[in-house]
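Novice: Give me the fold of what follows.
(6 chains)
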Protein chains: 6
Amino acid sequence: MSIENNNLDKVMRDFLTLKKIRRTGWQLRGIKECESIADHCFGVVFLTFYLAPLVKVKLNREKAVSIAIVHEIGETRVGDIPYVALKYFENKDAMETQAIEDVLSPLGNKVASESLELFREFEDGSTIEGRFVKAIDKLEMLVTAAEYEKAGFSGLKDFWDNKFTFKTFEEFPELASYADFLLKNRSKRIQGLL
Amino acid sequence: MSIENNNLDKVMRDFLTLKKIRRTGWQLRGIKECESIADHCFGVVFLTFYLAPLVKVKLNREKAVSIAIVHEIGETRVGDIPYVALKYFENKDAMETQAIEDVLSPLGNKVASESLELFREFEDGSTIEGRFVKAIDKLEMLVTAAEYEKAGFSGLKDFWDNKFTFKTFEEFPELASYADFLLKNRSKRIQGLL
Amino acid sequence: MSIENNNLDKVMRDFLTLKKIRRTGWQLRGIKECESIADHCFGVVFLTFYLAPLVKVKLNREKAVSIAIVHEIGETRVGDIPYVALKYFENKDAMETQAIEDVLSPLGNKVASESLELFREFEDGSTIEGRFVKAIDKLEMLVTAAEYEKAGFSGLKDFWDNKFTFKTFEEFPELASYADFLLKNRSKRIQGLL
Amino acid sequence: MSIENNNLDKVMRDFLTLKKIRRTGWQLRGIKECESIADHCFGVVFLTFYLAPLVKVKLNREKAVSIAIVHEIGETRVGDIPYVALKYFENKDAMETQAIEDVLSPLGNKVASESLELFREFEDGSTIEGRFVKAIDKLEMLVTAAEYEKAGFSGLKDFWDNKFTFKTFEEFPELASYADFLLKNRSKRIQGLL
Amino acid sequence: MSIENNNLDKVMRDFLTLKKIRRTGWQLRGIKECESIADHCFGVVFLTFYLAPLVKVKLNREKAVSIAIVHEIGETRVGDIPYVALKYFENKDAMETQAIEDVLSPLGNKVASESLELFREFEDGSTIEGRFVKAIDKLEMLVTAAEYEKAGFSGLKDFWDNKFTFKTFEEFPELASYADFLLKNRSKRIQGLL
Amino acid sequence: MSIENNNLDKVMRDFLTLKKIRRTGWQLRGIKECESIADHCFGVVFLTFYLAPLVKVKLNREKAVSIAIVHEIGETRVGDIPYVALKYFENKDAMETQAIEDVLSPLGNKVASESLELFREFEDGSTIEGRFVKAIDKLEMLVTAAEYEKAGFSGLKDFWDNKFTFKTFEEFPELASYADFLLKNRSKRIQGLL
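Specialist: Next comes the predicted model:
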């Protein structure tokens, strides 16, 4: 490998963090033993891989999957900042960008640059693939919220009331349709009809 | 989407299982709150994505990443069968193949076939990408074992003594070199030199 | 002891597994920190011991308790195979039989044979005691499901809708009556009347 | 059943407590996700069942197993009082006796009396079976301590230095021999020879 | 320091216990990964500190906070005795008093005496500050119960039906008013209006 | 109370967060089920209360305890930022200040101002009490690290090598002496002499 073992070892340490840190949003709602960031990341990668070829909008699947792999790397350093805390982190975007660069630079500039560009597409929504992964990121969260609710957890209403979440689906009618399906099932479940 | 919400929902249920089930190997060695299968899957995807372009052997990165995404899907149905239990599961390969087909068929035959072929490359080692992901699968396990050992867990010796694990690296000198680096650091750590 | 320490030590290792592995059925329904297999085993032993003398059907309590102790030993090797996975394990019975033999053979053939016979009575329902423990095995599961539901978990409906579960009680009117009592209380609880 | 569902339900509630409460001794030594009381109970029942026929001392296996089943029932009400706290509980024996009576009385006086007598044999060591289960109770604890130590936990030295523990084995040479085997293996493990 | 490191070290060991032991009341209701005793203690200290200056009744805040810090120290030795177990612990008060003395005596008699007096005010309700902290102790429990119920846990009804809990608020109308507010919100939540 | 129930309720929600969020530093080193922020806060309050009267430096105990209660409130909103992440949070101090103000303003400006001043003394080290609590904050961390190490966790070396930690003790010889005592015991423990 053109890279040294010491450098590879640094990257390992950072990626392992994603398995150790749990998603803050669930914890704040009382789901103490909730999923890790890596659990979520695999969900986004998995759904991107399987749904990209099925939606009508034309997508470069390889690029979309790459964005999905990259999109949370900044959290290895910055942590999973909860929604309510965003007002204190005005420069969250810059922080994550810097973090990605720091995490990946041991693999060489080319690798780091590629990932930074992919992250920018996700964050800025500048490409259809970036916007698709953003939508999948939200869909994966809703699917997980529904699963926690089926198991009995109940403080997750605001996940379903969030307009920004549903706005990301507008460009992808199939995702919007499935999110609507989840919403309706949730409604039935709450009324005891399911 | 050409597929129905009901079918998509079935796939979701299966993929969520990967977040819920913990890796049996760690549990049997007393690491009670160990990683999930999804945690491990993300690790394999992540390392495949970043290491594929860095090794000398020429690889189709897109295909390798796809194999990494697919390689544990069978466990959504079959569970994570521990090493010591393999003797009771003579037809493990057939079971996992059937499980992948069952999990993915709601997305259509084309999707299921593609994934089955990718799984075959992994299981049979019939392509360089299949063998690479097999090696990364083992490397990710060693990296995680080293992390647990650094944290204080100590019943993991047999992970390091396993010849089959190290055999997968032979075709990829960079992975072999890094596995050797891990092994040496482990040795120093045990002697209290690190 | 006629047996050697090394052999005894092997058996210990296997029995300890029952404390480490959690019951898959609860985990798949989102109860992450659910009971272990040993927790369940103690429940079955306890209920067998206390209910055997109270039911009208005449039972050999000693034999019933012995079956209760033995009935999950196979899982030390094979793991707790979830209901949905059974279709992939056509030879589950043979696997568990082989596993029990492997686990207990260090204690000598006589011990292993006795336990295999007890397991057969449980699995085949060939004796009244075997069928009683099968019924208690199900009752203990329902009692535990009710407890999880009281605590707030809610994805357990299919445990209560399972005809095979209730069929095991038919031979023991007292167990059937109590299962019915649990079912009615559950119904009231869901309607908010309890 | 001669007993009512309501009474049976009371007993269920108490026995379920044994699955919910973890063993205090491990928790105080930093093993946060340690075994439940029920886990330990199953261990004692299991080892009593399999070792009773193998030791030279003649034992009534049925009685010994019954004592093993009964011996921790008092903890459903009183909790698992740690060793260091014993000085504050001068009347622990009376408390547990009362608790057993309260737990089992819904099953009728005959059942409660039988269990109280079995508990007395355990607590007073008035029969060989009572003393055997006391020894197994300690052996199961050592086996579990060894398992935690193999996994990496390390604050358990005082379990091995406790003379009262080893004194219970004197009457049963096979148990003494195996406890010695555990002790020697522990010593090797600490020196890095195992 | 007038005290020796060895003595200080003893106190540390005891205080650390409060972080390790979970509150029994929640565990018995199926909240397996519930708060620690130290979690609760910080809640009582925090609420005492912020509410003492806001209630109309005149209070010595410093003294009230001190009582809050001291009030659970006995549990480092005695454990968290659940409500249902109180009948077995007739001398609980004497046990906790002795435990506090044992825990703090390494810091000198003056320190131990001061804390024992503060504990007496809490236990006997002999001062307004002692009664205030008793009320806060209950309020903190209700606030936590409400939080668990919002998260989905549901076996906590008896916490809200307990007259002794609400009786402690009578002397402090602001606490009574807020407890009433919690009770009303709970009622709305259960009816699905919140 | 001069404040409304709605406002009080907002403060409750924030303080409860401190029980839900675990300390990031331990998690990153593989202690998955580590203490909560509230656990740590109680430790700092407890040690401040008991050590303030015992050190030679003259301290206002009431003020020191108040600082201890206040010092982590900002984390209810901002989370527990790990050491390695500090480079990405240049304005951490301003963020926490704003967070404290937001958390406490429902209790009125007077309360918020008092706490902000106390936090400033802690953060700026402008008073002896502020510096004492900073030292106790570090000491509590070392005591907890030692406890985790005794339990078997082992990736905590950098906590002991941190010069900034030990620098806070210089002004308080008794704390420095005890920290040194911890360090020496740790050294013996690692050499197997303890």
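
Novice: Report the contact partners of A:Lys138.
Specialist: Residues in contact with A:Lys138 (CB atoms under 8 Å, 6 or more residues apart in numbering or on different chains) are A:Thr165, A:Phe166, A:Thr168, A:Phe169. All C-beta atoms are positioned from the backbone trio N, CA, C, and that covers glycine.

Novice: Against A:Ala179, how distant is it?
Specialist: 8 Å (CB to CB, to the nearest Å).

Novice: same thing with A:Phe169?
Specialist: A:Phe169 is 5 Å from A:Ala179, by CB to CB.

Novice: go on, A:Leu16?
Specialist: Separation of A:Leu16 from A:Ala179 (CB to CB): 32 Å.

Novice: How about A:Phe132?
Specialist: The value you get for A:Phe132 to A:Ala179, if CB to CB is used, is 14 Å.

Novice: Equivalent analysis for A:Leu18, please.
Specialist: From A:Leu18 to A:Ala179 the distance is 26 Å (CB to CB).

Novice: one step back: which of A:Phe132 and A:Ala179 has more neighbours?
Specialist: Using other CB atoms under 10 Å in any protein chain shown as the criterion, A:Phe132 and A:Ala179 rank with A:Phe132 on top: 29 against 22.

Novice: Could you tell me the per-residue confidence at that one?
Specialist: Note for A:Phe132: predicted pLDDT of 98.

Novice: and it, what helix or strand is that in?
Specialist: Using DSSP states H and E, A:Phe132 sits in helix A:128-151.

Novice: next structured bit after that helix?
Specialist: Immediately after helix A:128-151, counting by DSSP H and E, sits helix A:157-160.

Novice: What's the end-to-end length of stretch A:97-113?
Specialist: By CA to CA, to the nearest Å, the extent of stretch A:97-113 from end to end equals 11 Å.

Novice: ok, and the closest non-adjacent residue to the residue most central in space within chain A?
Specialist: Nearest to the mean C-alpha position of chain A, counting by CA atoms, centre = their mean, stands A:Asp137 at 4.0 Å. Spatial nearest neighbour of A:Asp137, excluding adjacent residues (CB to CB, 6 or more residues apart in numbering or on different chains): A:Val44 at 5.4 Å.

Novice: Around chain C, pick out the residues from chain A.
Specialist: Contact residues (CB under 8 Å from any CB of the partner chain) of chain A with chain C: A:Glu33, A:Glu147, A:Tyr148, A:Lys150, A:Ala151, A:Gly152, A:Phe153, A:Ser154, A:Gly192.

Novice: out of those residues, which one sits closest to chain B?
Specialist: If you rank the residues of chain A next to chain C by distance to chain B using CB to the nearest CB, A:Glu147 comes first, at 5.2 Å.

Novice: my guess is that closest one meets B:Leu18, correct?
Specialist: No - contact criterion CB atoms under 8 Å: A:Glu147 and B:Leu18 do not qualify, at 11.9 Å.

Novice: Give me the neighbour count for A:Ser36.
Specialist: Residues near A:Ser36, counting by other CB under 10 Å, number 23.

Novice: can you check A:Lys167 too?
Specialist: 13.

Novice: That one and A:Leu47, how far apart?
Specialist: Counting by CB to CB, the separation of A:Lys167 from A:Leu47 is 18 Å.

Novice: Also A:Ala94?
Specialist: According to CB to CB, A:Ala94 and A:Leu47 sit 28 Å apart.

Novice: Could you check which of those two has the larger neighbour count?
Specialist: Each of A:Ala94 and A:Leu47 has its neighbours counted (other CB under 10 Å); A:Leu47 has more, 23 against 11.

Novice: host element of that one?
Specialist: In this structure, A:Leu47 sits in helix A:37-51 according to DSSP H and E.

Novice: C-terminal to that helix, which secondary structure element comes first?
Specialist: helix A:61-70.

Novice: quick one: least confident helix or strand in chain A?
Specialist: helix A:75-78 (a mean of 90; mean pLDDT, DSSP states H and E).

Novice: for that one, packing partners?
Specialist: Applying 3 or more CB pairs under 8 Å, 6 or more residues apart in numbering or on different chains; DSSP states H and E, one finds that helix A:75-78 contacts helix A:5-20, helix A:92-104.

Novice: picking up where we left off before, if you look at the contacts of A:Lys138, which of them are in helices?
Specialist: A:Thr165, A:Phe166 (DSSP state H).

Novice: now the contacts of A:Lys138 in JSON lines, with neighbour count?
Specialist: JSON lines is the format used below for the contacts of A:Lys138 (neighbours: other CB atoms under 10 Å in any protein chain shown):
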{"residue": "A:Thr165", "neighbour count": "19"}
{"residue": "A:Phe166", "neighbour count": "18"}
{"residue": "A:Thr168", "neighbour count": "21"}
{"residue": "A:Phe169", "neighbour count": "21"}
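
Novice: Now render the contacts of A:Lys138 as a markdown table, adding pLDDT and distance to C:Glu121.
Specialist: Compiled in a markdown table, those are given as follows (pLDDT from 0 to 100; distance: CB to CB, whole Å):
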| residue | pLDDT | distance to C:Glu121 |
| --- | --- | --- |
| A:Thr165 | 97 | 56 |
| A:Phe166 | 98 | 57 |
| A:Thr168 | 98 | 59 |
| A:Phe169 | 98 | 57 |
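
Novice: how about the contacts of A:Lys138 in JSON lines, adding distance to C:Asn185?
Specialist: JSON lines is the format used below for these (distance: CB to CB, whole Å):
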{"residue": "A:Thr165", "distance to C:Asn185": "39"}
{"residue": "A:Phe166", "distance to C:Asn185": "40"}
{"residue": "A:Thr168", "distance to C:Asn185": "44"}
{"residue": "A:Phe169", "distance to C:Asn185": "42"}
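
Novice: for the contacts of A:Lys138, which one is nearest chain E?
Specialist: Set against chain E, the nearest of the contacts of A:Lys138 by CB to the nearest CB is A:Thr165 (20.8 Å).

Novice: just checking, that closest one touches A:Val143?
Specialist: No - assessed by CB under 8 Å, A:Thr165 is found out of contact with A:Val143, at 12.0 Å.

Novice: Identify the residue nearest whatever residue of chain A ends up closest to chain E in space, chain neighbours excluded?
Specialist: Minimum separation of chain A from chain E (CB to the nearest CB) falls at A:Gly30, amounting to 2.6 Å. Distance criterion CB to CB, 6+ apart; nearest residue to A:Gly30, sequence neighbours excluded, is E:Ala151 at 2.6 Å.

Novice: Also A:Leu156?
Specialist: A:Ala145 (4.9 Å).

Novice: Number of residues surrounding A:Asn109?
Specialist: The tally of other residues near A:Asn109 (other CB under 10 Å) stands at 10.

Novice: Tell me the pLDDT of it.
Specialist: Among the per-residue scores, A:Asn109 holds a pLDDT of 93.

Novice: Which member of the contacts of A:Lys138 is positioned nearest chain D?
Specialist: Distance to chain D across these (CB to the nearest CB) is lowest for A:Thr165, with 34.0 Å.
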